[in-house]
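J.: coordinates for the following, if possible.
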Amino acid sequence: MGCRPIISINSSNLSGPHKGALFSALAYDADDDMFPLAYAIVSSENYYNWFWFLQRLKQLVGEMEVVIISGRHHAIIRSVAEVFGVENHAYCYRHLKEDFSHQLMMGREGKDNALKLLDAVAYARLEIGYNSAMENLRRFDANLAKWVEDNNPEHWAMSKFPKKRWDKMNTNIFGSFSAWVKEEQHHTIFSFIEKHMDMLASLLVERKTTMQSWERSIGPKTEDKLLHNIAKSETFSDGKAKISVDLRQHTCTCLAWQMSGIPCEHACAMIQKMNQDVYEFVDDWYHLFKQEMVYSGTLHPLEFQNLPTVHSDGNVHDPNGYVHVSLDPPVTKRCLGRPRRQRIRPNLENR
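T.: Reported below is the predicted structural model:
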């Protein structure tokens, strides 16, 4: 497939004439851009539809073990556990942080301090860092610390999650996807599918063209992260080392290299001290040949054949010769007021 083995899934409501829910699965290409992997239009968001969708997604990825990152909808939690395994399910930290904020019955300064303490818990890479952050939160408010312990930190805290999640803590990638399909969500289902195919074809062409401008073996976004770590490594001295780096195994005791696939500042310092090329130590998933794999496929047009037809008598005739009474459009219930065209943004989205 070429994309890293981590997939974000989400659901959004369709506002066209037939309503329904849009399930989508997004992967990350070699330069951290979204790659639309799969989508489905279903009647509503429930366990049976999510289980069906994830089963098809599992068939698509085959035997590859992947991490699924999503919100904590009960139907998603149950179906991901059954299809991909409970240990491969990472919860979106942004959604969890939003839930945590609802527990904060205090002033603005107190809320900001509590959220910073939660960030320290979530982003601590080492167990000792997690324990220290939890102790600070416990001293701040014991009830908030208990809320964290009761809300499965093994599915969202960096130091607790057992699998590699490439430093992906949120499903923020769906912000780009929502903007991408913003207008199409108001169309009929057939028009949505046609338009989506056109947009996907344009996206593939654009990404193939962008690849040609890569100046190094890794993409621009990945290179920016690497250069940032290289800059930080230049501040290190040759004093007593408290960090151990293994260039052969691509590991560092700070765990940042293993978790992200990009050499951390400690690794960058060691690599340069050994007079080697830092770019060669970036994980293969970020390299140009992986990007070429992602966008090497051909987008085939949808086949609309053997579809039922409506005859002059108003009845529907299917390809097998059976006649059905003409179908009416599905019954939909329109909410009061003017239809909403923009999603409601969470309070913490820009924080």
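
J.: please make it C-alpha for all contacts and neighbour counts, starting now.
T.: OK.

J.: I'd like the average pLDDT over the lengthiest helix in the chain.
T.: As far as residue count goes, and with DSSP state H defining each element, the longest helix of the chain is helix 189-211. Confidence for helix 189-211, expressed as mean pLDDT, is 83.

J.: and after it, which helix or strand comes next?
T.: On the C-terminal side of helix 189-211, the nearest following helix or strand under DSSP states H and E is helix 220-233.

J.: nearest residue to H95 other than its sequence neighbours?
T.: Among residues not flanking H95 along the chain, G71 sits closest, at 6.2 Å (CA to CA, 6 or more residues apart in numbering).

J.: separation between I271 and F281?
T.: Applying CA to CA, to the nearest Å, the value for I271 to F281 is 9 Å.

J.: helices along the protein, start to end?
T.: The residue ranges that make up the helices of the chain, judged by DSSP H, are 47-61, 74-83, 93-101, 108-123, 127-140, 142-150, 173-180, 189-211, 220-233, 256-260, 265-273, 288-294.

J.: in the longest helix of the chain, which residues are buried?
T.: Within helix 189-211, the residues that qualify as buried by neighbour count (16 or more other CA atoms under 10 Å) are 189, 192-193, 195-197, 204, 207, 211.

J.: same deal with stretch 122-140?
T.: For stretch 122-140, the neighbour count (16+ other CA under 10 Å) marks 122-126, 129-130, 133-138 as buried.

J.: run the chain-centre distance for it.
T.: If you compare the mean C-alpha spot of stretch 122-140 with that of the full chain, they lie 25 Å apart, counting by CA atoms, centre = their mean, to the nearest Å.

J.: touching, P220 and D32? I think so.
T.: No. Between P220 and D32 there is no contact under CA atoms under 8 Å: 9.7 Å.

J.: doesn't N10 make contact with the residue nearest to H95?
T.: Yes. The pair formed by G71 and N10 meets the contact definition of CA under 8 Å, at 7.4 Å.

J.: mind checking which of those two has more residues around it?
T.: Neighbour totals were compared for G71 and N10, and G71 leads with 21 against 17 (other CA atoms under 10 Å).

J.: by mean pLDDT, which helix or strand of this structure comes out lowest?
T.: For the chain, using mean pLDDT, DSSP states H and E, the weakest element among its helices and strands is helix 173-180, scoring a mean of 70.

J.: where does the prediction get shaky in the stretch 151-300 of the chain?
T.: Along the stretch 151-300 of the chain, the parts satisfying pLDDT under 70 run over 176-187, 237-241.

J.: now do the same contact list for the closest residue to C268 other than its chain neighbours.
T.: Beyond its immediate neighbours in the sequence, the residue positioned closest to C268 (CA to CA, 6+ apart) is I230, lying 5.7 Å away. I230 sits next to 265, 268-269 when contact means CA atoms under 8 Å, 6 or more residues apart in numbering.

J.: one more time with 10 Å, if that's ok
T.: For I230, the contacting residues are 224, 263-269, 271-272, 278, taking CA atoms under 10 Å, 6 or more residues apart in numbering as the criterion.

J.: please apply the same query to A157.
T.: A157 makes contact with 90-91, 93, 118-125, 130, 148, 169, according to CA under 10 Å, 6+ apart.

J.: just give me the closest of the residues you listed to L14.
T.: L14 has its nearest neighbour among the contacts of A157 in Y91, at 23.9 Å by CA to CA.

J.: measure V61 to Q55 for me?
T.: 10 Å.

J.: who has more neighbours out of the two?
T.: Neighbour count, other CA under 10 Å: between V61 and Q55, Q55 has more, with 16 against 13.

J.: isn't that one right up against A38?
T.: No. Between Q55 and A38 no contact is recorded; they are 11.8 Å apart, counting by CA atoms under 10 Å.
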